[in-house]
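model the following, please.
(2 chains)
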Amino acid sequence: MYFESLAAVWHMDGHGFYVWLAYTLTVLPLVIMVWLPLKRMRQHWRWLQAEQRRVAAGTETPAMGSDV
Amino acid sequence: MWTFIHKLGSPPWFFRFSGTLVRWLLPITVILLLVGSIWGLLVAPPDFRQGNSYRIIYIHVPAAVVALAGYYVMAFAGAVSLIWRIKMADVTMRAAAPVGAVLTAIALVTGAIWGKPTWGTWWVWDARITSMLILLFLYLGVVALFEAYENKTAAARACAVLSLVGMVNIPIIYKSVDWWYSLHQPASIKFTGESAIDSSMLYPLLLMIVAFYCLFVVTLLLNMRAELVWSYRESGWLRQLVGDS
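Residues are numbered from 1 along each chain as shown, chains lettered A, B, ... in the order given. Prediction:
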């Protein structure tokens, strides 16, 4: 470990603002970039499961987005 | 090898294969990113001239390197899609565009933040930075162009042409620091000969580059899988998978 204290890690000899800003603006988009397709896939998957259940139950298939 | 490439073109096979791959690669990527960041932020020594601001290198350079590599993936997939009309190539091309756009944007933003304490300015219109901005517009162009067409076959073809034409920009980005006078420094890491960077800083940087490559693959696969689930919702193999889950 190069730094002696947590405060030194935060301050980084005056460059803390730039370093931590850069890392924050990297982590946030990366997390969103991974999370979005996962969410989209899960939604589609659930919808398809529900559709199969409806078909199995013999009821009419409503269009996606309708609140039937 | 050829059988493997052939199988990649088959959506059901790809879907199962990518599912297993992502399950392993996603945790590995997170660990690599964490280790690399902690190493770069806390363990590596500061630069003797730039001080601690240089620690931005551990995200700036990997993001830029992979943003460029991602363009090859997109343009190659575009070429395959144009020539052989393979649907999976088309899906690959479109899945690569948003990932490349995010990585290019990260490279530009972290570069600007690094530029302020180092060069005294957030932004200069120099060759490297401007050509990276063009790369961002090319990625965003592919995303927007696809959405602009009602006919998705025509949309994919237009995107493939745009990504191939945009290849012109890639050597310009690489060579920009040598061709024009620039504030941006030339490459410090060389595959042949001595790198101009000490190993205590080089190893975490290489680790972060590997981590960003893994992240690119993971996100590309996740985008492709989300796309496949929807476009093959009527197919027997997908219904089977959904029914079994």
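
the closest residue to residue B:75 other than its chain neighbours: neighbouring residues, count only.
Counting by C-beta to C-beta, 6 or more residues apart in numbering or on different chains, residue B:75 lies nearest to residue B:163, which is 4.6 Å off, once chain neighbours are set aside. C-beta: built from backbone N, CA, C; applies to glycine. Using other C-beta atoms under 10 Å in any protein chain shown, residue B:163 has 29 other residues around it.

can you tell me how far residue B:163 is from residue B:199?
Distance of residue B:163 to residue B:199, given as C-beta to C-beta, to the nearest Å: 37 Å.

ok, now residue A:32?
For residue A:32, the distance to residue B:199 equals 34 Å [C-beta to C-beta].

surely residue B:196 touches residue B:185?
No: judged on C-beta atoms under 8 Å, residue B:196 makes no contact with residue B:185 at a distance of 9.1 Å.

CA atoms only: put the helix or strand bottoming out on mean pLDDT in chain B into PDB for me.
Sorting the helices and strands of chain B by mean pLDDT, DSSP states H and E puts helix B:2-8 at the bottom, at a mean of 80. Coordinates of the C-alpha atoms in helix B:2-8 are reproduced here as PDB (Å, rounded to 0.1, in the frame of the first residue of the first chain):
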ATOM      1  CA  TRP B   2     -14.400 -24.500 -38.400                       C
ATOM      2  CA  THR B   3     -17.100 -26.500 -36.700                       C
ATOM      3  CA  PHE B   4     -16.900 -24.100 -33.800                       C
ATOM      4  CA  ILE B   5     -17.300 -21.100 -36.100                       C
ATOM      5  CA  HIS B   6     -20.100 -22.900 -37.800                       C
ATOM      6  CA  LYS B   7     -21.800 -23.600 -34.500                       C
ATOM      7  CA  LEU B   8     -21.500 -19.900 -33.500                       C
END
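
and that helix, what other elements does it pack with?
Judged by 3 or more C-beta pairs under 8 Å, 6 or more residues apart in numbering or on different chains; DSSP states H and E, helix B:2-8 is in contact with helix B:11-38.

so residue B:155, which of the three states?
helix (DSSP: H, G, I helix; E, B strand; the rest coil).

contact partners for residue B:89?
Residues near residue B:89 by C-beta atoms under 8 Å, 6 or more residues apart in numbering or on different chains: B:9, B:77-78, B:80-81.

can you pick the most crowded of those?
When neighbours are counted by other C-beta under 10 Å, residue B:78 leads the contacts of residue B:89 with 29 neighbours.

quick one, the helix or strand hosting it and helix B:11-38 angle?
According to DSSP states H and E, residue B:78 maps onto helix B:57-84. Per axes from the mean of the first three to the mean of the last three C-alpha atoms, to 10 degrees, the angle that helix B:57-84 makes with helix B:11-38 is 160 degrees.

residues of helix B:57-84 that come out buried?
B:57-71, B:73-82 (16 or more other C-beta atoms under 10 Å in any protein chain shown).

quick one: the helices in chain A, in order.
With helices called from DSSP state H, chain A shows them at A:6-11, A:16-57.

quickly, which of those helices bottoms out on average pLDDT?
Comparing mean pLDDT across the helices of chain A, the weakest is helix A:6-11, with a mean of 85.

what is it packed up against?
On a contact count with 3+ C-beta pairs under 8 Å, 6+ apart, helix A:6-11 meets helix A:16-57.

tell me if the helix it packs on is near chain B.
Yes: judged by C-beta under 8 Å from any C-beta of the partner chain, helix A:16-57 and chain B are in contact via A:16, A:18-19, A:21-23, A:25-26, A:29-30, A:33-34, A:37-38, A:40-41, A:44-45, A:48-49, A:52.

hmm, residue B:88 and residue B:14 touching each other?
Yes: in this structure, residue B:14 is within contact of residue B:88 by C-beta under 8 Å, at 6.4 Å.

who touches both of these two?
Shared contacts of residue B:14 and residue B:88, defined by C-beta under 8 Å, 6+ apart, are found at residue B:8.

against the centre of chain A, work out the most remote residue.
Going by C-alpha atoms, centre = their mean, the residue of chain A most distant from its centre is residue A:58, 35.6 Å out.

how far away is that residue from residue A:51?
For residue A:58, the distance to residue A:51 equals 13 Å [C-beta to C-beta].

for the nearest residue to residue B:61 once chain neighbours are set aside, give its distance to residue B:50.
Once flanking residues are discounted, residue B:61 sits nearest to residue B:205: 6.4 Å by C-beta to C-beta, 6+ apart. Per C-beta to C-beta, residue B:205 is found 14 Å from residue B:50.

name the residue in those two with the higher neighbour count.
It is residue B:205, of residue B:205 and residue B:50, that has more neighbours when counted by other C-beta under 10 Å, with 22 against 15.
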